[in-house]
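A.B. asks: quick one, structure for this:
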Amino acid sequence: MKLAILGGGGVRMPAFVRAVLSGGANVFDEISLFEPDPARRQTTGRLAVELAGLLGYPGTVTQTADADEAFSGASFVFSAIRVGGDQGRVIDEQVALRRGLVGQETTGPGGAAMALRTIPVVLSYCERLARCSPGAVLINFTNPAGIITQALSLYGEVPAVGVCDTPNGTLERLGEFLGAEREAVRSEYSGLNHLGWITSFRVEGEERIGELLERYEELRHFDHRFAAFDTDMVQRVGALPTEYVFYYYDSRRYVTGVAHAGSSRGQDVLRLNEELLGGIARAFEKGDVEDAWATYSLLLGVRRDTYMRTDTEGENHQTEARSLLTAEGPAPLAEAQIGGYEGVALQVIAGLSSRRPANVIVNTRNGSSMPFLEADDVVEVPSLVDGSGIQPRAAGDLPRSARGLVTQMKEYERTLVEAAVTGNAELAQIALSLHPLVPGITEARELLSEYRQLHGADLAYLS
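C.D. replies: Numbering: from 1, shown residues only. Here you go, the predicted structure:
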């Protein structure tokens, strides 16, 4: 079975390859990394290829700058691209932040700008994929994942599903907080990508969601993803929000935090990625794949361990993370646990290829799982994934305030997708004005005007 990866030179791809090949989950005869950027092919791409050889799978991972070559014969395609690169993300954030608005890569104006740049590109790749491998399934990691998957579902020429590790990561930490074995937990979760809530958490048949709400102040000290929220507000809502709901519940705190830190997450990631790519290149010049892995492991770990810290705490904590990770040393090459987004994606593949049916939280067509939305809206809900496809389960009943946010966000998403597909700039402005974090059409027009100016060719199709 062949897996093709759009964005195969991305900074997370060597870690993905290592986890798949060393974690006992490899089901691929070939993993083809499509990467048009030569610098990334020579750094992160080369590291992924050489890691495969070191782990006993020489020749399994290949690289190409030709999308048709990557797609040909593929059963599955992972999409993990960033149109406009890291600098595009910085623009997305800063245009919003200068106006005192949330400037996050998936949420608010920044997410809208990223989606508008990305949707036409992903759909064009779908056309090529449909020609090269019409039976392939596209698994979308590309952010903003919910909107991109909505566009793929409505207009793509291949089957598509979106994956994200945020819900699963939250559920795992709740189980650890209660000391519950994973197999003993049954939960209910629903919403949109980066806008979801846990409405039930049963351990060995006993409902514990009330206890989790009552003990929320303890949860805030247990894990940073819960610390972002106000205890009284969460208890009033009556469901446990996943981490990205923070941007809706406390947008002023985010804006203030970034100002205090003096640098947005996108700026931090830009610098980290430049350091990472340069470090890998120098390691290969002076040493071998193990030297390159040591450099990569450290800097990717810093990026992982400082995730959302600037946004919620006003401090990126990179100094502490570097110190701890340097003391620990690089992660052993042959020791990997399948988790995160790669774990979710591999569960989807195992289910769709009829090897092992799975219940997985994915972004897929709603059907009737969330009855207050349209059947073809893409939602994030637990689904049965097997050889017959993806069947979303009936979702837990969201609190009224959450339903209101989801309804408004879905109207924004659908309108933005339509604007991207038709190239209608006026419709894109209207879509942006519908976002709950944008204060009206006048602000939306000014935002989009500046985005079009700064992103140049990437948004030139809008008229």
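
A.B. asks: drop to CA atoms for contacts and neighbour counts, all remaining ones
C.D. replies: Will do.

A.B. asks: buried set for stretch 15-26?
C.D. replies: Within stretch 15-26, the residues that count as buried by 16 or more other C-alpha atoms under 10 Å are 15, 16, 17, 18, 19, 20, 21, 22.

A.B. asks: any idea how far that stretch is from the chain center?
C.D. replies: With C-alpha atoms, centre = their mean, to the nearest Å as the basis, stretch 15-26 stands 19 Å off its chain's centre.

A.B. asks: pull the CA atoms of it into CSV?
C.D. replies: C-alpha atoms of stretch 15-26 as CSV (Å, rounded to 0.1, in the frame of the first residue of the first chain):
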residue,chain,number,x,y,z
ALA,A,15,8.8,12.6,13.4
PHE,A,16,5.8,11.1,11.6
VAL,A,17,7.9,8.7,9.6
ARG,A,18,9.9,7.6,12.7
ALA,A,19,6.7,7.0,14.7
VAL,A,20,5.1,4.9,12.0
LEU,A,21,8.1,2.9,11.1
SER,A,22,9.4,2.3,14.7
GLY,A,23,6.0,2.0,16.4
GLY,A,24,4.9,-1.2,14.8
ALA,A,25,2.2,0.4,12.7
ASN,A,26,3.9,0.4,9.3
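
A.B. asks: please begin residue numbering at 35 from this point
C.D. replies: Let's use 35 as the start, then, which means that last one is stretch 49-60.

A.B. asks: for residue 306, what are phi and psi?
C.D. replies: phi -60, psi -40 (degrees, to the nearest 10).

A.B. asks: list the contacts of it.
C.D. replies: 333, 337 (C-alpha atoms under 8 Å, 6 or more residues apart in numbering).

A.B. asks: give me the distance between stretch 153-161 and the centre of its chain.
C.D. replies: Distance of stretch 153-161 from the chain centroid (C-alpha atoms, centre = their mean) equals 18 Å.

A.B. asks: the buried residues of stretch 49-60 in helices, which ones?
C.D. replies: Counting by DSSP state H, those place 49, 50, 51, 52, 53, 54, 55, 56 in helices.

A.B. asks: make JSON lines out of the buried residues of stretch 49-60 and add distance to residue 108.
C.D. replies: Below are the buried residues of stretch 49-60 laid out as JSON lines (distance: C-alpha to C-alpha, whole Å):
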{"residue": "49", "distance to residue 108": "21"}
{"residue": "50", "distance to residue 108": "18"}
{"residue": "51", "distance to residue 108": "17"}
{"residue": "52", "distance to residue 108": "20"}
{"residue": "53", "distance to residue 108": "20"}
{"residue": "54", "distance to residue 108": "17"}
{"residue": "55", "distance to residue 108": "18"}
{"residue": "56", "distance to residue 108": "22"}
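
A.B. asks: count of residues packed around residue 192?
C.D. replies: Residues contacting residue 192 under the criterion other C-alpha atoms under 10 Å number 20.

A.B. asks: hang on, I meant residue 245
C.D. replies: 11.

A.B. asks: wasn't it part of a helix?
C.D. replies: Yes - counting by DSSP: H, G, I helix; E, B strand; the rest coil, residue 245 is found in a helix.

A.B. asks: so how far is residue 90 from it?
C.D. replies: Distance, residue 245 to residue 90, using C-alpha to C-alpha, to the nearest Å: 47 Å.

A.B. asks: next one: residue 233
C.D. replies: 44 Å.

A.B. asks: who's more crowded, those two?
C.D. replies: residue 233 (20 against 12).

A.B. asks: that one contacts residue 241, correct?
C.D. replies: No - with contacts counted by C-alpha atoms under 8 Å, residue 233 stays clear of residue 241, the gap being 10.3 Å.

A.B. asks: ok, residue 99 - contacts?
C.D. replies: By C-alpha under 8 Å, 6+ apart, the contact list for residue 99 reads 68, 69, 70, 71.
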